[in-house]
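> Give the three-dimensional model of this entry:
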Amino acid sequence: MRSLYCGEVNESHIGQEVTLCGWVNKRRDLGAVIFLDLRDREGIVQVVYDPDLQEVLKKANTLRNEFCVQIKGKVRARPEGQVNKDMATGGIEVLGLELTILNKSAPLPLDPNQKNSEEQRLKYRYLDLRRPEMTERMRFRAKVTSAVRESLETQGFLDIETPILTAATPEGARDYLVPSRTHKGQFFALPQSPQLFKQLLMMSGMERYYQIVKCFRDEDLRADRQPEFTQIDIETSFMSSDQVMQVTETMIRELFQKLLNVDLGEFPRMPYSEAMTRFGSDKPDLRNPLEIVDVADILKDVEFKVFSGPANDEKGRVAVICVPQGAAKFSRKGIDELTKFVGIYGAKGMPWLKVNDLDAGLEGLQSPILKFLTEESVNALLERTNAKTGDIIFFGSDSYNIVTEALGALRLKIGEDLELLQGEWKPLWVVDFPMFEEVDGGMHAIHHPFTAPTNLTAEELEANPVGALSDAYDMVLNGCELGGGSVRIHNQDMQAAVFRILGISDEEAQEKFGFLLEALQYGAPPHAGLAFGLDRLVMLMTGASSIRDVMAFPKTTTAACPLTNAPGHANPAQLAELGIARLEKELEQETDADTPAA
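Numbering: from 1, shown residues only. Next comes the predicted model:
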């Protein structure tokens, strides 16, 4: 139906007749002449209808936005002074000779000026995706997956599918369950990740596997989460953590070079403990120059109990953030707003100190807590933070976790509010994560229960699980975790020890992971892997503000689909066939909700 795409028409086609198909992006009626902006997947081209062809001009006058049309015309150069340098096709236009209306459009339910709620955009997603911005994101996403496949397959990886209907496994989030018709009362689970299957593939001798795969997690949502999302899943045999990081870093660097012409350079590595100490986050944004500085040793002997208490508590922390040239930018009202902000993270307050004139000594400082500090401690504080005239210092003093989380969040907020971010791309690897953390009196795996410890035997791990480090690694870019992975446990005794530490009984382990434990008995090779969040990667590369803007048909923050009205109710016959009965109370509530008000 077409000879080429709208966005492909250029000066080389001048004098040629072309056939174009697409949608009316805009119509401008100048009386004797009608201009159309015709849009398809590849771009927009200007079409002109003039009085020489009255029948065609008359038909063009009936067109409205989003009419689907076919146009035949002759390409010509735009008149001098009318060239649009902001358009790829801005040097030419098409003189319309024939016009076929393929389909009319009803009045649009979306505002063409883009004043639409996200609910509206998702309900009419097929219209929202026609926008050039959204079309380009979908095109870019396709280029990313193509480049990923090319990079991994060049390195010897095999694309292997794993099951979607599988057994439920405790991997940190709730599973989506699928009832079985043939096994009434029993359920499949949708996979949170292909973790167990990719490990089994390594035990099967595949050695290098990858898959661009859907994953499912029934968890509370926010801007960067969806109930179904896409992973670039990778697993290898006979490779160390260093080698896995090298392979995957190569892939990401090639991706940025090929699609964005950006050289990310060598990725630095940072231990988890350092990331938390300096930045208050295990995914630090290195574009932000602000750092957290510990000062407990300076303030442990001051009379101010707000500082000396946590400073002398082994579970406490006293730390500061020094904001360069920030004193004049934070009024008392602004400081109060920041104090409320850190309160979200459990901080009970936020003392501060302004350096109005460093050379004036204590007289040049301003703070409601200054009277509680010694001159010696103040001087030591200014020296450690390298404070200068015009700076402001914010304090955090509480338990280690509260101070770390609160100052980490404050660092990000101030960095964005004051536009302190430096550089466009700052990648790094975060390594040496703790193996476990204590939660409600029990142990919880930081990554997942199949992560191997670093240089420990099973006996050493069980003797001191809290002090163990995992052989795990996360790739971070601009404060976002792009992907994470680890060396896996390939020894049955070590896997059993980890299950015991996590409080997973032998019976539960056999029920949930019996097939994996059995496979470990038959010459399982050392193996390691990593999974990237494709949606988040594309979001960063395109500059989108949410992963929903780089997914074709995402869900809302309540895990609903306005387009299809999913999830919906199953009819009684379907439920009966599946052996599922609904609670009477639930049915009564629905009946009440459906009854019209008096």
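
> ranges for the helices of the stretch 251-400 of the chain?
272-279, 296-299, 305-311, 332-343, 375-385, 400-417 (DSSP state H, counting those that start in this stretch).

> between those, which gets nearest to Leu102?
helix 400-417 (46.7 Å; C-beta to C-beta). In short, each C-beta sits where N, CA and C put it, glycine included.

> So which elements touch the following helix or strand past that closest one?
Next along the chain after helix 400-417, taking DSSP states H and E as the criterion, comes strand 427-431. Contact here means 3 or more C-beta pairs under 8 Å, 6 or more residues apart in numbering; DSSP states H and E; on that basis strand 427-431 packs against helix 241-260, strand 269-271, helix 272-279, strand 472-477.

> Report the contact partners of the residue lying closest to Val306 once chain neighbours are set aside.
Nearest residue to Val306, sequence neighbours excluded (C-beta to C-beta, 6 or more residues apart in numbering): Ser397, at 5.5 Å. By C-beta atoms under 8 Å, 6 or more residues apart in numbering, Ser397 lies in contact with Val306, Phe307, Gly309, Pro310, Ala311, Gly316, Arg317, Val318, Ala319, Pro351, Val403.

> mind redoing it with 7 Å?
Val306, Phe307, Pro310, Val318, Val403 (C-beta atoms under 7 Å, 6 or more residues apart in numbering).

> now swap in Leu469 and tell me
Contacts of Leu469 by C-beta under 7 Å, 6+ apart are Asp432, Phe433, Pro434, Met435, Pro453, Thr454.

> Could you list the low-pLDDT ranges of this protein?
Scanning the chain for pLDDT under 70 picks out the ranges 170-172, 221-223, 584-598.

> how about stretch 338-349 as PDB, C-alpha atoms only?
The C-alpha coordinates for stretch 338-349 follow below in PDB (Å, rounded to 0.1, in the frame of the first residue of the first chain):
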ATOM      1  CA  LEU A 338      13.900  19.100  55.200                       C
ATOM      2  CA  THR A 339      13.500  18.000  58.800                       C
ATOM      3  CA  LYS A 340       9.900  16.800  58.000                       C
ATOM      4  CA  PHE A 341      11.400  15.000  55.000                       C
ATOM      5  CA  VAL A 342      13.900  13.000  57.000                       C
ATOM      6  CA  GLY A 343      11.200  12.200  59.600                       C
ATOM      7  CA  ILE A 344       9.700   9.900  56.900                       C
ATOM      8  CA  TYR A 345      12.700   7.700  57.500                       C
ATOM      9  CA  GLY A 346      12.500   7.700  61.300                       C
ATOM     10  CA  ALA A 347      14.700  10.700  62.100                       C
ATOM     11  CA  LYS A 348      13.400  12.500  65.200                       C
ATOM     12  CA  GLY A 349      15.100  15.800  64.100                       C
END
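
> Any chance you could list what contacts it?
Met350, Gly396, Asp398, Ile402, Glu405, Ala406, Ala409, Leu410, Lys413.

> and which of these is nearest to Ile14?
Ile14 has its nearest neighbour among the contacts of stretch 338-349 in Lys413, at 54.0 Å by C-beta to C-beta.

> Now the closest one: closest residue in space that isn't a chain neighbour?
Counting by C-beta to C-beta, 6+ apart, Lys413 lies nearest to Phe341, which is 6.3 Å off, once chain neighbours are set aside.

> now the one you found: how far from Ala406?
Going from Phe341 to Ala406 by C-beta to C-beta, to the nearest Å gives 9 Å.

> can I assume Tyr473 is in contact with Gly485?
Yes - shown here, Tyr473 and Gly485 form a contact pair, counting by C-beta atoms under 7 Å, at 6.1 Å.

> show me where the stretch 1-150 of the chain has helices.
Along the stretch 1-150 of the chain, the segments classed as helices by DSSP H, counting those that start in this stretch run 54-60, 118-123, 125-128, 132-154.

> Ok, which of these comes nearest Lys555?
Ranking the helices of the stretch 1-150 of the chain by proximity to Lys555 (C-beta to C-beta) places helix 118-123 first, at 8.0 Å.

> Identify the residues contacting the closest one?
Contacts for helix 118-123 (C-beta under 7 Å, 6+ apart): Leu110, Asp128, Pro554, Thr556, Pro562, Leu563.

> Would you list the buried entries among those residues?
Leu110, Asp128, Pro554, Pro562, Leu563 (16 or more other C-beta atoms under 10 Å).

> quick one: contacts for the fourth one?
Counting by C-beta under 7 Å, 6+ apart, Pro562 touches Glu119, Leu122, Lys123, Thr556.

> Return the closest of those residues with respect to Thr62.
For these, the nearest to Thr62 is Lys123 (27.9 Å; C-beta to C-beta).

> Neighbours of that closest one, how many?
Using other C-beta atoms under 10 Å, the number of residues around Lys123 comes to 20.

> From Val94, how far out is it?
In terms of C-beta to C-beta, Lys123 sits 34 Å off from Val94.

> got the end-to-end distance for stretch 458-475?
Taking C-alpha to C-alpha, to the nearest Å, stretch 458-475 runs 28 Å from one end to the other.

> Please spell out which residues along it are buried.
Buried-residue list, stretch 458-475, by 16+ other C-beta under 10 Å: Ala458, Leu461, Glu462, Pro465, Ala468, Leu469, Ser470, Asp471, Ala472, Tyr473, Asp474, Met475.

> picking that back up, which of the contacts of stretch 338-349 sit farthest apart?
Most distant of those, by C-beta to C-beta, are Asp398 and Lys413, 18.0 Å apart.

> neighbour count winner among those two?
Using other C-beta under 10 Å as the criterion, Asp398 and Lys413 rank with Asp398 on top: 25 against 14.

> give the contact list for the most centrally placed residue in the chain.
Most central in the chain under C-alpha atoms, centre = their mean is Arg536, positioned 3.3 Å from the mean C-alpha point. By C-beta under 7 Å, 6+ apart, the contact list for Arg536 reads Asp224, Cys480, Leu482, Ile547.

> Helix, strand or coil: sort out it for me.
helix (DSSP: H, G, I helix; E, B strand; the rest coil).

> Give me the distance between it and Ala328.
The separation that Arg536 has from Ala328, given C-beta to C-beta, amounts to 37 Å.

> Next, count neighbours for Arg76.
Neighbours of Arg76 using other C-beta under 10 Å come to 15.

> wait, isn't it in contact with Glu93?
Yes - in terms of C-beta under 7 Å, Arg76 counts as a neighbour of Glu93; the distance is 6.3 Å.

> right, and Thr454 touches Asp471 too?
Yes - look at Thr454 against Asp471 with C-beta under 7 Å: they come within range, at 4.7 Å.

> thinking again about what came up before, go through the contacts of helix 118-123 and say which is closest to Arg269.
Proximity to Arg269 was ranked across the contacts of helix 118-123 by C-beta to C-beta; first place goes to Pro554, at 33.5 Å.
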